[in-house]
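Participant: Task: produce atomic coordinates for the following.
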Amino acid sequence: MLGTVMPTTQAERLAAAALLSEVAHSGALTNPGRMSDDDINRQTAAARWLNEAAGGDADRIAAALAEVRDAAVAAEISR
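Facilitator: From the prediction side, this is the model:
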């Protein structure tokens, strides 16, 4: 199974959701110059949590972020 990423775990998806939430709420996408040190620290902590949950595997991190993003988009479309 070389190159194949196994389905993400619940822990990976929760950590990815926490990271995406921190990024969205901090203004990192719309006004990064206005982020506080606390915003940056929360994002860094969330990124560490995701890295630990995925065992440092970049493919698993990307897959978890993509799954959370896709679920958020689907939820928004269904409204």
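Participant: For the spatially most central residue of the chain, which non-adjacent residue is closest in space?
Facilitator: Nearest to the mean C-alpha position of the chain, counting by C-alpha atoms, centre = their mean, stands residue 16 at 2.8 Å. Closest residue to residue 16 apart from its sequence neighbours, by C-beta to C-beta, 6 or more residues apart in numbering: residue 64 at 3.9 Å. Yep, even glycine has a C-beta here, placed from its N, CA and C like the rest.
Participant: Residue 50 too?
Facilitator: The shortest distance from residue 50 to any non-neighbouring residue, by C-beta to C-beta, 6+ apart, is to residue 15 (3.9 Å).
Participant: burial of the one you found, as a residue count?
Facilitator: The local packing of residue 15 (other C-beta atoms under 10 Å) involves 25 other residues.
Participant: ok, now the one 3 residues further on?
Facilitator: Residue 18 has 19 neighbouring residues, counting by other C-beta under 10 Å.
Participant: Give me the distance between the residue nearest to residue 16 and residue 54.
Facilitator: Distance, residue 64 to residue 54, by C-beta to C-beta, to the nearest Å: 6 Å.
Participant: and if you look at residue 60?
Facilitator: Residue 60 sits 4 Å away from residue 54 when distances are taken as C-beta to C-beta.
Participant: list residues touching both of those two?
Facilitator: Residues touching both residue 60 and residue 54 (C-beta atoms under 8 Å, 6 or more residues apart in numbering): 8, 12.
Participant: Contacts for stretch 60-70 next, please.
Facilitator: With contacts defined as C-beta under 8 Å, 6+ apart, stretch 60-70 is touched by 5-6, 8, 12-13, 15-17, 19-20, 50-51, 53-54.
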